[in-house]
Each structure stands twice: as C-alpha cells, then as structure tokens.
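Enquirer: could you work out the structure for the sequence below:
(chains A and B)
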Number of protein chains: 2
Amino acid sequence: MAEIREIEGGVTAARGFWAAATEAGIKYKNRKDMAMVYSKTPCRIAGTFTSNVVKAACVLWDKEIVNSSDYGHAIVVNAGIANACTGQQGLDYCRQTAETTAKLLGVQPEEVLVASTGVIGMQLPMDRILKGVEGLHKSLGNDRQSALDAASAIMTTDTHSKEVAVTFQVGGKEVTLGGMCKGSGMIHPNMCTMLGFLTTDLAISKELLQEALRKDVQDTYNMVSVDGDTSTNDTLLLLANGEAGNPLITEKNEDYETFAAALNYVNTKLAKMMAGDGEGATALIETKVVNAPTKEEAKILAKSVICSSLTKAAIYGHDANWGRILCALGYSGVTFNPEAIELYFQSEAGTIQIFKDGVATDYSEEEAGKILSGPEVRILVDMKSGKESACAWGCDLTYDYVKINADYRS
Amino acid sequence: MAEIREIEGGVTAARGFWAAATEAGIKYKNRKDMAMVYSKTPCRIAGTFTSNVVKAACVLWDKEIVNSSDYGHAIVVNAGIANACTGQQGLDYCRQTAETTAKLLGVQPEEVLVASTGVIGMQLPMDRILKGVEGLHKSLGNDRQSALDAASAIMTTDTHSKEVAVTFQVGGKEVTLGGMCKGSGMIHPNMCTMLGFLTTDLAISKELLQEALRKDVQDTYNMVSVDGDTSTNDTLLLLANGEAGNPLITEKNEDYETFAAALNYVNTKLAKMMAGDGEGATALIETKVVNAPTKEEAKILAKSVICSSLTKAAIYGHDANWGRILCALGYSGVTFNPEAIELYFQSEAGTIQIFKDGVATDYSEEEAGKILSGPEVRILVDMKSGKESACAWGCDLTYDYVKINADYRS
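Expert: Model prediction:
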C-alpha cells in the first residue's frame, strides 16, 4: 500500500479548496464564530449524520443534499446556536443561508451545505448570519491561515482547534486529504461525529466516497464518547473535487484502499483530538481491547469502559481503581470468563499489569498512579479468547465538566 | 383492593424478624459496618441479582441458595469491601461466613445468605468478619433500634439510611412488609438493585414470592440510574416467614394482588430514596413519560433522560436547558415525532410548560429556575401518541460526584 504522509494543514491543504472565518456576533463575543469552506470545482459529497430522532434543521438540509445532489460547492458553519428544535422557522433559515451564499458564489442553493453547533432551541439571529455570509465570502483564501481561522471559528467549548492533513499517491498523482472538526461536550456519536469537515482533491465516484466514509466512521468517531449524549447536530462532510487529476476511482481497487487508509488516518487522529479535548478533560483515555472473539464484541467492550463515569472519575484522580473497569466490561452485554482476562495500564510513563487469573496482581499503587498521571492513558484489556481488537477513546470526568454543563447557556 | 398503610419501621417490622449491627472495622473507622437479619421461623426466599457478567462471590453464593434451597433463616451483610473479582478465595470466604453464622444460629450454612458492598478487588479480612458475625449474633434484637442500626451499617457513600414498612390485610390477617436498602454510586440496576433486603410475615409460595419480586423490580429499582454503571454486587432479597398466619397464597388471587401492590409501594419508595441519595446529589430527579404508544417505549424514554449527564448537570445548575432533554429522548432508540410532544418542569414550587409544537413556549426563565431549585424535580414528557406511562429516577450531576469518585479507594 502507498505511503501516507502527514503534512501541516487542514481544509485548504487539498488543491482548489478555500476557507474563511468571520466574527458574526451570534453568541460569543470577540471571536470568529462563522466559517466557510469552498471549492470552485464541483465536489462529490459524502456525509454521515446524527442518529438522534431529534435532528437539527441543518442536518435535515444537508442530508437531502447528500442523498439527492450530484455535486456541491460550499459549507457554511456557525457556532453558538445549534438551530435544533426550531421548527419550520429553523428550516427556512437554512434555506436563506444557502441562498445568500449561493448568490455570492454564483452556484445553486442546493450546492451549499449548512452546519450549526451550540445551544439547542434558540432561533438564529438571521440578520447577523447573512451579514456573516458576506464577510466570509470577502475573506476566502486558500492559504494556511484561512484553514486555521476556520478551524477556530467552529469551536464551542473546545479548548483548541483540531486539524489534520495527509498526502498519498494514487495513479501516479499526489493526492491530499485534510480536515477539521470540533467537539467537546454532548459527544457520543452514533453513525457519525459532531461537526467534521474533510476536503480532498481525489477523483472518486460519489458511491465509493460515501461508502468509504460510512465504513470508516464506525471505527473512528463512533468509538469516541465524552459523556454518553448523542447530539442533535452531529455532521461529518467529505468533499472531493478531483483536482489531483488521478484516474477516477470507480471500483474497490488498490487506489481505493490507499484512500481508505488515508481517511482512517485522518479520522482516527481527529477523533482522538476530540476525545482528548472533551469538556473539562485533563487526560485522553484510550481503551484497547485485544484478543476478543469478534470485532463487534471488542468494540462493545472498549466502548463500555470508555463510557463508565466511575472509571473516568478514577482516572481523573489517578486512582488505579481497576475494579470499575472489570465492572464496566461485565455490564457491557458481552459474555466472557472474568478469570481469563488480563488488564494493563499504559502511558508514556510505562506499562503495568494490574489483573490476571481473576485477581489483582501484586502491583505497586505508586507506580500505577504515576502511569495514570500521563496526559494520554491507555487501558489495555486482553480478553484471551480470540484474535479481534478495537479501540475507543474518551476523557476523564472532572469538576470542570460539571461546571461547564451546570450553566452552559449563560 | 385492600388498603396499604405506611408505618414506621424497617426489616424488623414484620413478625419474627430480628436484626443486628456491629463495628467489625473492615474498612471504615468508628461506625458499624456489618449487619444481620434473622428469622427463627424458616423463610421462603426470593432474590434478584446483578446482570453484570462479573459477579461478586456473594452474588454467586446467594443465587445458588435462591435457586435451589426451599428455606432460609438469615442474611449477613458487610460494607467497605465488595468481595468481587476475588477468585476462589472470595468464594471460600462466603462459605466460611455462612458456616460460622449457621453454627451460632443452629441452622445450615445453605440457609444463610451473604451480601457485600464496597471496593472491588480486595479480599475480605476474614478474622474481622468472623469476629463480626459473633458480635452480630450477640446483639440480635426485634425492636426498632435494631432495624435502624442494620440500615445504617450497610451504607457506603450513602448520606442517610433507607427504610420503609407497610401493613395490609390478607385473608383477614394483618400482614407487614418492611425493608432497607443502600445505594449511592455505581447505580444503574439491571434486573435488580444494589443491596436491598425485604422481610414480610406473609405466607406465600416460593414461586409466587419470586414472581412478584421479579416483576416489581422492572418498574422500581430497574428505573433508577445514578451514573450508568451496573454494579457487580446488586442484590435484592425478600424473606417471607409466614408468621402473619394468613392462608398460604398459592395462586394469583386478590391476596396476591394486594401483596404485589404493597411490594410496589415499598420498592418504589426505597428506589426513590436511593436515587435522591445518589453520590453528590442535591436533587432527586423524576422523569415521567405519559401517553406513549407502549409501556416499553415509555420506560426507554424515561430512562434515557435520567441517564443523560448533560441533563443532570443542567438540573444541578437550575438551568432550564430543555434542549438536552429533547436530545436524550431523541437518541433513546424510540422513534417519535418531535413536533408532537410536550415538556413540563414540576416541583413543589409549581409547574411550567417549556416545549410545545416543536418549539419552546414563551416561558419565564426565572420561574423555570425557581422550579428547578426544588429538592425533588420532575421532568414531565407528554408523548401525545398513546396511553402508556413510566417513571424513572435519578439525581443531579455535581462537583461532589466527581470528588467522591476521583479517589474512592483512599
């Protein structure tokens, strides 16, 4: 398989993609809170969306476009207000945003995707949104700074912006894939993530673009949980404008596999960034389950541990309270023999075995505490009953998570 | 149906039941940490247990007795150490505890149930446990104080003990049913609760006793969630010694229905006490879903809201962030039309409608905040799509929950 090389960059890394950010004053003060991504060359678009029955207006708008349009040109995003539970008015606002954007860019409204994140139930201030669209159009750029600005503008309670870009060879051509995402609270994606936007200059059929994305989110964003709450707004969009000039990918050949590997690289990295920047988090937690009988069971086990509030609070306290991990594996729904499994803690400070043959090993609490104090902690579970493995990502549960969410709206 | 009357009392309220508590020094200092419940008259026993694959040694011991023994006489409980993930040694310790108890009481080891709660993975200090059993045997009493002491001795992070008792008429005889429970963290029962012990002097067949208990936990303890973690030790035992002298209940007649109603009264009350005393809690939250198409859907919807960390944190902040409730309903797995449902907040301070026709009502944030400041807050969800309803109980998510669980073991 071709080499995948990480490069500095985000949504403007691939050829032909432009981005912009502007301060529309929707909810936050003194920061940019709207972003745009644009390609003059028409893009094939793939998307995955929240499985929540309560879907934001913008999710409904985008789903329609992904399902029925052949091409698209732009995405407009705002932070601060989610445009969810806003009825017909909320849907009208999506259309107005797309229409204004389309007019400025010289495209059709059905070629403009819209995404929102923030408080549920408030209506968007449309005068500011439309003024924001004008500001975005004026400041579009295809340089590094434009991507950085866009990645910052889509943040809510995120503490830093999240971007990744890679290059790889397809059909003798260099292809670039870059992306940005945001996500900090209400993070428990199902079918998809919070807001994530990926751009590539790869030439690929719409069907395969969608299939590659749908398959990859199962092992990346869908394995992240910050708080067990699946948002109304989760949206992941992938735009491919074909400017790399590779022969159009229309079957699952080696080129497709190379792209799928690059997509997995980018999505895994963004998913981990999101987990590590969970609301109030002081540590990224990775649960790796190995030697399970099936992939599905490995995923269920890994996700059960990453969702356990008690495990998350113990990691925050650097407390090797492994009983809570055993407990979370036990209530996951997967059947196994507790006597057979082995448990380890890992971080940059080292590896320590904690549990074996049904009881605790004779480990040092001090050493375990040191390992659990790292900024990235791995819980390694060896099921000793098969060959399949899976990873899930989350973060510790802290005072700040409660603080942020006890009065989020003010 | 016969009247059910609440009376002052707990596990010694029913005729022929004795209780005791003692300070065994297992983990806590300067408090009683072991309890015993005893009936000289043999009791029919029903029990429900954790669905966790990882089961504490005492759960395995009790399950065997409930499944295969006809009668039992006593329960021995310790707080501080859970005797879970303790291998063969943990199982041996259960047998030793039962054997010592049986010898003192003049019964068989297989007539003594054992329950533990506390830290997972540590071995019990058997010398102290066995000395504790002797102390318990010496201080057995059938008075009010003995029940109060036992209810306090089984607490871990609970802030107060939990007891309920009722009387009702069956076959012209006065029957009493009383109980105690503990539970504060790792509370998300599935098939059963944390530790709960019920005693009654009703005469009833073992089959019907078990059936009544199994059915009732579905609507009571199984509708409680503090943190989404299902314990390894959840145990609910119901002992019936028949001393009331009513004609033995062997079929589902009116007497059975009266008993079932009394059982539901006691279990509901204990379940709510447990939810309101969730770790770090400042408020009991009740989610009531009405007019759902099926009972099962009503339960899933109610439980999804009660498990939402974001909703729980918002209630802690007295913030009417109803979008999170809509969101939790939406990801529950139940399909519904968000435009149709109505949402209310209720407490002793009043009732306020928040959501109707797909959008927020024009409610007063100040008034909503006042209602959410009560010690018992109800979230009322009207699905407008059927006739079934369900309740679930939980508590708010606070700084103290994190504090308690970041360093529980020290």
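Enquirer: for A:Ile120, give its distance to B:Thr311.
Expert: 12 Å (CB to CB, to the nearest Å). The way it works is simple: take the backbone N, C-alpha and C, and place the C-beta from them, glycine included.
Enquirer: spit out the contact partners of A:Ile354.
Expert: By CB atoms under 8 Å, 6 or more residues apart in numbering or on different chains, the contact list for A:Ile354 reads A:320, A:322, A:343-345, A:360-361, A:363, A:368.
Enquirer: quick check: neighbours shared by A:Ile120 and B:Thr311?
Expert: Common neighbours of A:Ile120 and B:Thr311 (criterion: CB under 8 Å, 6+ apart): B:321, B:324.
Enquirer: between these two, who's got more neighbours?
Expert: The residue with more neighbours, out of A:Ile120 and B:Thr311, is B:Thr311; 28 against 25, by other CB atoms under 10 Å in any protein chain shown.
Enquirer: host element of that one?
Expert: helix B:309-316 (DSSP states H and E).
Enquirer: show me the contacts for the closest residue to chain B within the stretch 1-150 of chain A.
Expert: Distances between the stretch 1-150 of chain A and chain B by CB to the nearest CB are smallest at A:Ile120, namely 2.5 Å. Going by CB under 8 Å, 6+ apart, A:Ile120 touches A:56, A:82, A:84-85, A:232, B:321, B:323-324, B:326-327.
Enquirer: contacting residues around the residue nearest to it when sequence neighbours are not counted?
Expert: With CB to CB, 6 or more residues apart in numbering or on different chains as the criterion, A:Ile120 has its nearest non-adjacent residue at 2.5 Å, and that residue is B:Gly323. By CB under 8 Å, 6+ apart, B:Gly323 lies in contact with A:82, A:84-85, A:119-121, A:232.
Enquirer: and for A:Lys288?
Expert: With CB under 8 Å, 6+ apart, A:Lys288 has these contacts: A:302, A:378-381, A:389-391.
Enquirer: any chance of those residues in JSON lines, with neighbour count too?
Expert: Output for the contacts of A:Lys288, formatted as JSON lines (neighbours: other CB atoms under 10 Å in any protein chain shown):
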{"residue": "A:Ala302", "neighbour count": "27"}
{"residue": "A:Arg378", "neighbour count": "18"}
{"residue": "A:Ile379", "neighbour count": "24"}
{"residue": "A:Leu380", "neighbour count": "17"}
{"residue": "A:Val381", "neighbour count": "25"}
{"residue": "A:Ser389", "neighbour count": "17"}
{"residue": "A:Ala390", "neighbour count": "22"}
{"residue": "A:Cys391", "neighbour count": "22"}
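Enquirer: want to throw those residues into JSON lines with pLDDT and secondary structure?
Expert: Listed next are the contacts of A:Lys288 as JSON lines, based on pLDDT from 0 to 100; DSSP: H, G, I helix; E, B strand; the rest coil:
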{"residue": "A:Ala302", "pLDDT": "93", "secondary structure": "helix"}
{"residue": "A:Arg378", "pLDDT": "96", "secondary structure": "strand"}
{"residue": "A:Ile379", "pLDDT": "96", "secondary structure": "strand"}
{"residue": "A:Leu380", "pLDDT": "97", "secondary structure": "strand"}
{"residue": "A:Val381", "pLDDT": "97", "secondary structure": "strand"}
{"residue": "A:Ser389", "pLDDT": "93", "secondary structure": "strand"}
{"residue": "A:Ala390", "pLDDT": "92", "secondary structure": "strand"}
{"residue": "A:Cys391", "pLDDT": "90", "secondary structure": "strand"}
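Enquirer: can you put those in a markdown table and add distance to A:Ala349?
Expert: Output for those, formatted as a markdown table (distance: CB to CB, whole Å):
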| residue | distance to A:Ala349 |
| --- | --- |
| A:Ala302 | 22 |
| A:Arg378 | 11 |
| A:Ile379 | 14 |
| A:Leu380 | 14 |
| A:Val381 | 19 |
| A:Ser389 | 23 |
| A:Ala390 | 24 |
| A:Cys391 | 20 |
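Enquirer: now, which of the residues you listed sits nearest A:Ile352?
Expert: Distance to A:Ile352, by CB to CB, is smallest for A:Leu380 among these, at 10.1 Å.
Enquirer: quick one: the closest one from chain B, how far?
Expert: Distance, A:Leu380 to chain B, using CB to the nearest CB, to the nearest Å: 17 Å.
Enquirer: so which elements touch the longest helix anywhere in chain A?
Expert: The helix that spans the most residues within chain A, counting by DSSP state H, is helix A:254-276. Where contact means 3 or more CB pairs under 8 Å, 6 or more residues apart in numbering or on different chains; DSSP states H and E, helix A:254-276 is packed against strand A:162-170, strand A:173-182, strand A:195-200, helix A:206-219, strand A:284-292, strand A:388-395.
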